[in-house]
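Novice: Kindly generate the corresponding structure for this input.
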Amino acid sequence: MLSYLLQRLGLAVVTCIFISALTFVIIRLPPGDFVDAYIANLTASGSSVSQEQAAAMRVEYGLDRPVIVQYARWMGRVLQGDFGVSMVWRRPVSEVIGDRLWLTMVVSLAALFLTWAIALPIGIYSAVRQYSIGDYVFTTLGFIGLAVPNFLLALILMYLGFRYLGLSVGGLFSPEYVQAPWSWGRVWDLMKHLPLPAAVLALAGTAQLIRIMRANLLDELRRPYVVTARAKGISERRVVLKYPVRAALNPFASSIAYLFPYLVSGSIVVSLVLGLPTVGPLLLQALVAQDMFLAGAIVLLLGVMTVIGTLISDLLLMWIDPRIRLEGRA
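Specialist: Prediction:
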């Protein structure tokens, strides 16, 4: 187990290095740079920037240096915990991300727990009560959940809330708490606004995990060890929950690999529709403006979270499924 963990940690470090280089290359792929995008925006508004001013801005942000030098300087500062200064906001990247990162994690964690809390019992019920009325109902709802885009559901709920309840369901705070400092009142206001975006984000994931859990559990229930356990007179509840459910949980553990970066980014489209102050819209704005420090920090964070999620997922799979441990020893 220890050798496996050290091997995975070594691969994770190497992967993170490649991710950082690839992130920097991706951010630099669009033609031009931040100064070009900045000048284009000023020109569109009727203003202009001289060549001397543009050159001074490139020197200020280090854009006049070779790409390799820019990458080395950026990574050197990142390793010290300094992600640079956002070119658009003219503030440190850590401050720009700030509350948005924590709010994104709160919304995404709420959606994640809601997804698991709904998908796990329904998936077990649908497998144990295969072809029952409840199974058909949940299967139909699952297909609807997979077919309806999250942003469309968000629009429908916003319309229904405004049309029939007179409520503004967008955002995570009431108007009086948007710029207010953190307090128990602001936390409670966040909790009141949290269920809607969490439910919208959880819909598609819930429907998908229900189908996966049902299929995996049905496969496990047909295994010889389940038939043997039933023949020995073990109660049906214990037969189902003891080993088949545990083995069928593999997709839940595997999903952590992509859920970790999702905790940081959230859903960009849903965040834009609901007006959520999360990291997703900020990343979109940084990419459009070619703010390489802000966009690079967010994309790098997503990549590192994916690596961490994959590592945790592998360890959980070894703990949940004894067959994986046995294959590792062989």
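Novice: count of residues packed around residue 172?
Specialist: Per other C-beta atoms under 10 Å, the neighbour tally for residue 172 reads 23. For the C-beta atoms, the positions are set from N, CA and C on the backbone; glycine is no exception.
Novice: residues in contact with it?
Specialist: Contact analysis of residue 172 by C-beta atoms under 8 Å, 6 or more residues apart in numbering lists 103, 107, 190, 193-194, 197, 276-277.
Novice: That one should be in a strand, yeah?
Specialist: No: applying DSSP: H, G, I helix; E, B strand; the rest coil, one finds residue 172 to be coil, outside a strand.
Novice: follow-up on the earlier one: need the max-distance pair from the contacts of residue 172.
Specialist: For the contacts of residue 172, the farthest-apart pair by C-beta to C-beta is 194 and 277; their separation is 12.8 Å.
Novice: Look up the pLDDT of residue 204 for me, please.
Specialist: What the model reports as pLDDT for residue 204 is 66.
Novice: For the contacts of residue 172, pick the one with the most neighbours.
Specialist: Result: residue 197 is most packed of the contacts of residue 172 (other C-beta under 10 Å), 30 neighbours.
Novice: quick one: pLDDT of that one?
Specialist: Here the pLDDT value assigned to residue 197 is 84.
Novice: Buried ones in stretch 85-94, by neighbour count?
Specialist: Judged by neighbour count (16 or more other C-beta atoms under 10 Å), stretch 85-94 contains these buried residues: 85-89, 92-93.
Novice: Helices - which of these land there?
Specialist: Within those, residues falling in helices by DSSP state H are residue 93.
Novice: buried ones in the host helix or strand of residue 206?
Specialist: Per DSSP states H and E, residue 206 falls inside helix 195-221. By neighbour count on 16+ other C-beta under 10 Å, the buried set for helix 195-221 is 196-214, 216-218, 220-221.
Novice: what residue ranges in the stretch 201-330 of the chain are flagged as low confidence?
Specialist: Filtered on pLDDT under 70, the stretch 201-330 of the chain yields the residue ranges 204, 257-260, 262-266, 321-330.
Novice: Let me see the ranges of the strands in it.
Specialist: For the stretch 201-330 of the chain, strands defined by DSSP state E, counting those that start in this stretch do not occur.
Novice: which residues sit in contact with residue 218?
Specialist: Counting by C-beta under 8 Å, 6+ apart, residue 218 has contacts 127, 130.
Novice: Next: residue 91.
Specialist: residue 85.
Novice: Kindly report the same for residue 135.
Specialist: 125-126, 129.
Novice: so which strand or helix has it?
Specialist: For residue 135, the host element (DSSP H and E) is helix 133-147.
Novice: Tell me the first helix or strand C-terminal of that helix.
Specialist: Later in the chain than helix 133-147, the nearest helix or strand by DSSP H and E is helix 150-164.
Novice: I would like the residues contacting that next one, please.
Specialist: With C-beta under 8 Å, 6+ apart as the contact definition, helix 150-164 has outside contacts at 167-170, 196-197, 200-201, 203-204, 267, 269-270, 272-274.
Novice: rerun at 10 Å
Specialist: Contacts with helix 150-164, where a contact means C-beta atoms under 10 Å, 6 or more residues apart in numbering, come from 111, 145, 148-149, 167-170, 196-197, 199-205, 267-276.
Novice: For ChimeraX, write the select line for the buried members of the contacts of residue 135.
Specialist: For the buried members of the contacts of residue 135, the matching ChimeraX selection, counting by 16+ other C-beta under 10 Å, is:
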select :125,126
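Novice: can you redo the contacts of residue 135 as TSV with secondary structure?
Specialist: TSV is the format used below for the contacts of residue 135 (three-state DSSP):
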residue	secondary structure
125	helix
126	helix
129	coil
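Novice: and the contacts of residue 135 as a markdown table, adding pLDDT?
Specialist: Supplementary listing: those in a markdown table, determined by pLDDT from 0 to 100:
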| residue | pLDDT |
| --- | --- |
| 125 | 91 |
| 126 | 90 |
| 129 | 89 |
